[in-house]
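> One predicted model, sequence on top.
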Amino acid sequence: MQAVIGTPDGDSHQFELDEQQANALTGKQVGDEVDGTMVGLDGYTLEITGGSDQDGFPMRKSIQGTGRKRILIGKDTGATDVRDGERQRKTVRGNTVADDIEQLNLKVVEEGNTSVDELLNPSEDGEEDEDADEDA
């Protein structure tokens, strides 16, 4: 499962969750706040804002459960090129995180002492110096 974390300053960070981290999020719903230690961000509080399954169907907060459902929607999540008053029938996913969710979107609600970059990429400083030497 991929996790995409949005920070208050507008940055986003994408990384792969291991099986244990993904299992800790299974059963949570869109809108739930989770402790950042579940995904390796100590001291952070995160909110689940959405996601999509392996076939690209988006999660929708108003649909209960883990399954897919065809619904009639106007200008909202999952609809494209909808004019005023027009609605489309689209397949969307329920609001509960399950094993078949491929990407999970999270946003930072409460920040910790260490930046997200440092927690997710602790050895990045040494790698940048090596890349600079190769380019020269």
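Structure's in. What do you need?
> does residue 101 have beta-bridge partners, and which?
Beta-bridge partners for residue 101, by DSSP bridges, are residue 53.
> any idea how far it is from residue 66?
With distances taken as Cβ to Cβ, to the nearest Å, residue 101 is found 8 Å from residue 66. Every residue, glycine included, has its C-beta placed from N, CA and C.
> and for those two, which residues touch both?
residue 93 (Cβ atoms under 8 Å, 6 or more residues apart in numbering).
> More neighbours: these two, which one.
residue 101 (22 against 19; other Cβ atoms under 10 Å).
> and the more buried one, how far is that from residue 45?
Counting by Cβ to Cβ, the separation of residue 101 from residue 45 is 20 Å.
> Also residue 61?
Taken as Cβ to Cβ, the span from residue 61 to residue 45 is 19 Å.
> Likewise for residue 89?
Counting by Cβ to Cβ, the gap from residue 89 to residue 45 is 37 Å.
> which of these two has more neighbours?
Neighbours per residue (other Cβ under 10 Å) separate residue 89 from residue 45, with residue 45 holding more: 15 against 9.
> is the residue nearest the centre of the chain in a bridge, and if so with what?
What sits nearest the mean C-alpha location of the chain, by Cα atoms, centre = their mean, is residue 105, with 1.4 Å. According to DSSP bridges, the residues that bridge with residue 105 are residue 4, residue 50.
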